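J.: below: sequence and its predicted model.
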Amino acid sequence: MPELPEVETTLRGISPHLRGERIGQLLVRDRRLRLPVPREIESRVQGQRILALSRRGKYLLIGLECGTILIHLGMSGSLRVLASDTLPGKHDHLDLRLHNGKCLRMRDPRRFGMFLWVPDPPAAHPLLAHLGPEPLGSEFDGDYLYAQSRGRKCAVKAFIMDASLVVGVGNIYANEALHLAGIHPARPSNRVGRERYGRLARQIKLVLEKAIALGGTTLRDFVREDGSQGYFALSLKVYQRAGESCTSCGTPIRQRRIGQRSSFFCPLCQR
DNA sequence: CCGGACGCCTGTCGGC
DNA sequence: TGCCGACAGGCGTCCG
């Protein structure tokens, strides 16, 4: 599910409820996530005050007095803020209970997510240490993409989805940004010029910003912290629109597998 | 170093 | 109606 806009939406939703609060009990119902929820995590977080919340790529960071809770939502994860006595559903694997009677509840049907405690500084943790720049930051631009792409033959779509190049761009927004920039997803990275990488970097930023403004994309599992949906799905121009008309030229949108991921594009607008 | 394949899970959908 | 395979927003790991 969750790509950068959904994680950012979740961050903005939960932050006001959690910042400054003290953690009571962490209740883990099922440790079997992508990485097992560590045995010692309950004692690590018990009684600690939440100092700050942030995002790095698709990871959510909850900064404590000692260490940081690192959360990844995988494919189907979501976080909600609820009263602690709300009855849990089948896939509600853990509750981070606060002293104020609320809890942060993680749901993840496919269990591809992560919920970890990492020591300070979190950026040094192996899961975060090798991540590329944030796409919404100034370091990420067309010149950066162009420079990184030299000598790389993989499809440009796989290239921009590589988290060591740039974080946060998943399958939905990679498809959308390539369409907006007029670039064919299967084009080899080293056969995209500087100009077109400039357009691509701009469109990645624009599509992510617009999706954040609309609360992310809800296809199936993603919900905001209050249970409401994101509305960017209404703005999708190619993703999951195979056979439908391109919004700019009317040509039927094609679907094809590129780099093991379902890819959607307009054969006329994208070259 | 790079690129490609695979596995991890559950739920849903389409075809027979 | 039931069964079966394909597929789904991600990513770490392994192999050539």
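T.: Thanks, I have it. Numbering: from 1, shown residues only, chains lettered A, B, ... in the order given.
J.: so what's residue A:140 up against?
T.: Residues in contact with residue A:140, defined by Cβ atoms under 8 Å, 6 or more residues apart in numbering, are A:133-134, A:166, A:201, A:204-205. In short, each C-beta sits where N, CA and C put it, glycine included.
J.: I figured residue A:13 was touching residue A:225, is that so?
T.: Yes. Residue A:13 lies in contact with residue A:225 (Cβ atoms under 8 Å); the separation is 3.3 Å.
J.: need the residues of the stretch 151-271 of chain A near DNA strand B, please.
T.: Residues of the stretch 151-271 of chain A found near DNA strand B (Cβ under 7 Å from any atom of the strand) are A:151-155, A:158, A:189, A:220, A:259-260.
J.: save the contacts of residue A:140 as CSV, and put in secondary structure, neighbour count and pLDDT too.
T.: Formatted as CSV, these follow (DSSP: H, G, I helix; E, B strand; the rest coil; neighbours: other Cβ atoms under 10 Å; pLDDT from 0 to 100):
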residue, secondary structure, neighbour count, pLDDT
A:133, coil, 16, 96
A:134, coil, 17, 96
A:166, coil, 25, 97
A:201, helix, 22, 97
A:204, helix, 26, 97
A:205, helix, 16, 97
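J.: which among the residues you listed gets closest to DNA strand B?
T.: The shortest approach to DNA strand B among the contacts of residue A:140 belongs to residue A:166, at 13.5 Å (Cβ to the nearest atom of the strand).
J.: the closest residue to the closest one other than its chain neighbours: neighbour count?
T.: Nearest non-adjacent residue to residue A:166, counting by Cβ to Cβ, 6 or more residues apart in numbering: residue A:132, 4.6 Å away. Neighbours of residue A:132 under the rule other Cβ atoms under 10 Å: 18.
J.: helix/strand/coil for residue A:132?
T.: State at residue A:132, reduced to three classes by DSSP: H, G, I helix; E, B strand; the rest coil: coil.
J.: pretty sure it sits against residue A:161.
T.: No. Taking contacts as Cβ under 8 Å, residue A:132 lies outside contact range of residue A:161: 11.0 Å.
J.: strands of chain A, start to end?
T.: Using DSSP state E, the strands assigned to chain A run over residues A:23-28, A:50-56, A:59-64, A:68-72, A:78-83, A:92-98, A:102-107, A:114-118, A:254-258, A:261-265.
J.: state the number of residues packed around the residue of the stretch 1-150 of chain A found nearest DNA strand B.
T.: Here the residue of the stretch 1-150 of chain A nearest DNA strand B is residue A:110; by Cβ to the nearest atom of the strand that distance is 3.3 Å. By the criterion of other Cβ under 10 Å, residue A:110 has 14 neighbours.
J.: return the residues of chain A in contact with DNA strand C.
T.: Checking chain A against DNA strand C by Cβ under 7 Å from any atom of the strand, the hits are A:1-3, A:6, A:34, A:57-58, A:72, A:74-76, A:110, A:112, A:127, A:161, A:163, A:170-172, A:216-222, A:260-262.
J.: outline the domain layout of chain A.
T.: A:4-124, A:142-265 (automatic domain parsing).
J.: any weak-confidence spans in chain A?
T.: Residues of chain A that meet the criterion pLDDT under 70 lie in A:1.
J.: quick one, helices of it?
T.: Secondary structure of chain A, counting by DSSP state H: helices at A:4-18, A:41-45, A:126-129, A:142-149, A:156-160, A:171-181, A:194-213.
J.: just so I know, which of the ones you listed lies nearest residue A:101?
T.: Between residue A:101 and the helices of chain A, the shortest gap by Cβ to Cβ is with helix A:4-18, which sits at 11.2 Å.
J.: how about residue A:162, what does it touch?
T.: By Cβ under 8 Å, 6+ apart, the contact list for residue A:162 reads residue A:132.
J.: swap in residue A:66?
T.: Contacts here follow Cβ under 8 Å, 6+ apart; on that basis residue A:66 touches A:44, A:48, A:120.
J.: would you turn these into JSON lines with neighbour count?
T.: Shown next, in JSON lines, are those (neighbours: other Cβ atoms under 10 Å):
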{"residue": "A:44", "neighbour count": "18"}
{"residue": "A:48", "neighbour count": "17"}
{"residue": "A:120", "neighbour count": "12"}
